[in-house]
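Asks: Could you work out the structure for the sequence below:
(2 chains)
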Amino acid sequence: MSATFVIVGAGQAGGTAAAILREEGFAGNVILIGAEAQPPYERPPLSKQYLRGEMPFEHTLVRPANFYDEQRVQTLFGSYVTRLDAGDRIVELADGSRIPYDKVLIATGGRPRRLAVPGRDLEGVYDLRTVGDAARIRAEIAPGRRAVVVGMGFIGAEVAASLRSCGVDVVMVAPSRLPLVHILGEEIGRLLEGLHRDHGVEMIFQDAVAAIEGVGRVERVTTAAGRHLACDFVVVGVGIEPAIEFLAGSGVQVDNGIVVDEYCRTNVAGIYAAGDNANHYHPLFGRHIRVEHWQNALKQGAAAARSMLGRGAPYDEVPWFWSDQYDVNLQYGGFHTEWDELIVRGRLAERDCVAFYLKDGRIMAALGVNRGKELRRSMPLIRARARVDPATLRDEDADLRQVASSSEDHRQHSALRSG
Amino acid sequence: MASEYVTVAKVRDVPAGEMAAFNVGGTKIAVANVEGTFHAFDDTCTHQQCSLAEGDLDGTTVTCPCHGSQFDVTNGAVLAPPAMRPVRSYRVRVEGDALQVSL
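Replies: Residues are numbered from 1 along each chain as shown, chains lettered A, B, ... in the order given. Predicted coordinates for the structure are as follows:
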């Protein structure tokens, strides 16, 4: 009897995993279960091109719609998994059906955090996670309409940029002092604030939504500081939480998502996890990290599929993501939670630079602002957590590829000396 | 019908390991020099319309500067997403010191 691999979650990670199982020659049964009605699609356009009506949904598909039939991947779209029975190796669906598995990959991703305020369920108040959400927001867009965007993380900032590009008046409300200041620091926070200000976004910092008000439909947002913001609709972007409630009682270890090792294996044999919901042991950083970005879903999904086939390798990609806001392309590579030195290569004021985040003299991460090429060239430095003379990093004439290779030489010499 | 070649640059304008983009009859075409062999392809990434010539060339692989999509410069095939559709490739030849592309 051939083995059955079940994939719970049909987003970027789950869809990619299904494809990789077949590409790697797995001949058993593959069952792909997704809560949404659509085949797996990429989410980055939902806050950008799709939201602005510049991209058809078909262009977001992870694989062509007929791929799954052609590859004998059984799909159960629009199906919720309500329980996982690790003892009998069965996943249960909301309609009561029970699906036996030999191995299962959990790639259910996340769901938007909900604002705990009155009026949260009024018409015209939206989260943004699914293509359905994006389509509903898109239907609200028209020049001169007024939106309140709650949260100035990447989703909030991208939505604000898209809405402004479509002529919508935007007020943003965020608890922080500056956008992303805790993650990216004062300099980048100011850069992002300036960017949105230049494009006519009104930003309210150090305040929070206290209530959403209206009769049946949103009419205004009231903040904790007592501001009243009249609006036609609201978009909430205050982060996601892993969508893993169905694991309760399964024995699968959960701590800031599903805890997995470097091979994407959980503590329970035959159960794997990848993507937004996985708190993965990253060999490069020597700790568990949970990453909510496209590249991680794509590559970790693929890595998990190979692990299920017994052909796994430790997943050690350096996290990388992009964000497009107006005419600015941001790219981040690495992983940092703290830093003691920020080195700027280029010109912050002109939004043309790479910011390097250093800790104890080592490069932990970098953010490129309209410098995708240089950010990519910095990736070997980030992977090596290289020590590079700050003056060299600042020197626009220094080719980062050569800096990376000389840093590599340096490391090898050091290793030889210490060996 | 014989295809028509258009001179886009001097050969020396695109050194080995480098790329450059040229406007040919309204189409932006990138030319990559891979160890002396030239390859021509649509400069516009099929993902988000960024200029591929502004990206990095590593062997025969071009990486888009905006979102990291990769293409094979010899045939335009997608090597890495997020792009999913290939870029068109074009014939290119050297005539004396002139670099010529056929649309």
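Asks: got the residues of chain A near chain B?
Replies: Within chain A, the positions near chain B by CB under 8 Å from any CB of the partner chain are A:42, A:44, A:49, A:59, A:61, A:294-295, A:298, A:320, A:322, A:324, A:329, A:372-373, A:376-377. C-betas here are computed from N, CA, C, even on glycine.
Asks: Restricted to helices, list those.
Replies: In helices, defined here by DSSP state H, the members of the residues of chain A next to chain B are A:294-295, A:298, A:372-373, A:376-377.
Asks: The stretch 1-150 of chain A: helices as residue ranges?
Replies: Across the stretch 1-150 of chain A, reading from the start of the chain, the helices by DSSP state H, counting those that start in this stretch fall at A:12-23, A:67-70, A:131-140.
Asks: Show residues contacting the first one.
Replies: This points to helix A:12-23. A:5, A:7-8, A:30, A:32, A:34, A:39-43, A:62-63, A:67-68, A:71-73, A:105, A:107, A:109, A:274-276, A:294, A:297-298, A:300-302, A:304-306, A:308-309 (CB atoms under 8 Å, 6 or more residues apart in numbering or on different chains).
Asks: For chain B, what lies in contact range of chain A?
Replies: Taking CB under 8 Å from any CB as the test, the list of chain B residues beside chain A reads B:48, B:50, B:54-56, B:63-68, B:81-82, B:84.
Asks: In JSON lines: the residues you listed, plus secondary structure and neighbour count.
Replies: As requested, the residues of chain B next to chain A are arranged in JSON lines below (DSSP: H, G, I helix; E, B strand; the rest coil; neighbours: other CB atoms under 10 Å in any protein chain shown):
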{"residue": "B:48", "secondary structure": "coil", "neighbour count": "21"}
{"residue": "B:50", "secondary structure": "coil", "neighbour count": "19"}
{"residue": "B:54", "secondary structure": "helix", "neighbour count": "17"}
{"residue": "B:55", "secondary structure": "coil", "neighbour count": "25"}
{"residue": "B:56", "secondary structure": "strand", "neighbour count": "20"}
{"residue": "B:63", "secondary structure": "strand", "neighbour count": "20"}
{"residue": "B:64", "secondary structure": "coil", "neighbour count": "28"}
{"residue": "B:65", "secondary structure": "coil", "neighbour count": "25"}
{"residue": "B:66", "secondary structure": "coil", "neighbour count": "23"}
{"residue": "B:67", "secondary structure": "coil", "neighbour count": "22"}
{"residue": "B:68", "secondary structure": "coil", "neighbour count": "23"}
{"residue": "B:81", "secondary structure": "coil", "neighbour count": "18"}
{"residue": "B:82", "secondary structure": "coil", "neighbour count": "23"}
{"residue": "B:84", "secondary structure": "coil", "neighbour count": "16"}
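Asks: which one of those sits closest to chain A?
Replies: Of all the residues of chain B next to chain A, residue B:65 has the smallest distance to chain A: 3.7 Å, by CB to the nearest CB.
Asks: on that earlier part again, so which of the helices of the stretch 1-150 of chain A is the most surrounded?
Replies: Burial among the helices of the stretch 1-150 of chain A, expressed as mean neighbours by mean count of other CB atoms under 10 Å in any protein chain shown, is greatest for helix A:12-23, which shows a mean of 26.
Asks: Can I get that one in PDB, CA atoms only?
Replies: Included here for helix A:12-23 are C-alpha records, laid out as PDB according to Å, rounded to 0.1, in the frame of the first residue of the first chain:
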ATOM      1  CA  GLN A  12       2.800  29.300  -0.300                       C
ATOM      2  CA  ALA A  13       4.500  26.700   2.000                       C
ATOM      3  CA  GLY A  14       1.900  24.000   1.600                       C
ATOM      4  CA  GLY A  15       1.500  24.400  -2.200                       C
ATOM      5  CA  THR A  16       5.200  24.400  -2.700                       C
ATOM      6  CA  ALA A  17       5.600  21.300  -0.600                       C
ATOM      7  CA  ALA A  18       3.000  19.400  -2.600                       C
ATOM      8  CA  ALA A  19       4.900  20.400  -5.800                       C
ATOM      9  CA  ILE A  20       8.300  19.400  -4.400                       C
ATOM     10  CA  LEU A  21       7.000  16.000  -3.200                       C
ATOM     11  CA  ARG A  22       6.100  15.200  -6.800                       C
ATOM     12  CA  GLU A  23       9.200  16.800  -8.300                       C
END
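Asks: Give the helix, strand or coil label for the residue nearest the centre of chain B.
Replies: Closest to where the C-alpha atoms of chain B average out (CA atoms, centre = their mean) is residue B:30, at 3.1 Å. Three-state assignment for residue B:30 (DSSP: H, G, I helix; E, B strand; the rest coil): strand.
Asks: Who does it form a beta bridge with?
Replies: With beta bridges defined as DSSP bridges, residue B:30 has these partners: residue B:21, residue B:41.
Asks: right, and it touches residue B:45 too?
Replies: No: with contacts defined as CB atoms under 8 Å, residue B:30 does not count as touching residue B:45, sitting 10.0 Å away.
Asks: picking that back up, of the residues of chain B next to chain A, just say which sits nearest to residue B:16.
Replies: Among the residues of chain B next to chain A, residue B:56 lies closest to residue B:16 (CB to CB), at 14.4 Å.
Asks: What does the pLDDT read for the closest residue to that closest one other than its chain neighbours?
Replies: The shortest distance from residue B:56 to any residue that is not its chain neighbour, by CB to CB, 6 or more residues apart in numbering or on different chains, is 4.7 Å, and that residue is residue B:63. For residue B:63, the pLDDT comes out at 96.
Asks: got the buried residues for stretch A:187-206?
Replies: A:187-189, A:191-193, A:195-196, A:199, A:201, A:203-205 (16 or more other CB atoms under 10 Å in any protein chain shown).
Asks: cool, and stretch A:80-96?
Replies: Under the neighbour-count criterion of 16+ other CB under 10 Å, stretch A:80-96 has A:80-81, A:83-84, A:86, A:89-93 buried.
Asks: Same question for stretch A:120-128.
Replies: Buried residues in stretch A:120-128, defined by neighbour count with 16+ other CB under 10 Å: A:120, A:122, A:124-128.
Asks: who's in contact with it?
Replies: For stretch A:120-128, with CB under 8 Å, 6+ apart as the criterion, the contacting residues are A:46-47, A:112, A:114, A:119, A:133-134, A:136-137, A:140, A:155, A:159, A:212-214, A:216-218, A:232-237.
Asks: Out of these, which sit inside strands?
Replies: Restricting the contacts of stretch A:120-128 to those inside strands, with DSSP state E as the criterion, leaves A:112, A:212-213, A:233-236.
Asks: Quick one: the residues you listed as TSV, columns for distance to residue A:356, pLDDT and neighbour count too.
Replies: Rendered in TSV, the data for those read as follows (distance: CB to CB, whole Å; pLDDT from 0 to 100; neighbours: other CB atoms under 10 Å in any protein chain shown):
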residue	distance to residue A:356	pLDDT	neighbour count
A:112	32	97	20
A:212	40	98	25
A:213	45	98	16
A:233	39	98	23
A:234	37	98	29
A:235	32	98	28
A:236	33	98	25
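Asks: Done for today, thanks.
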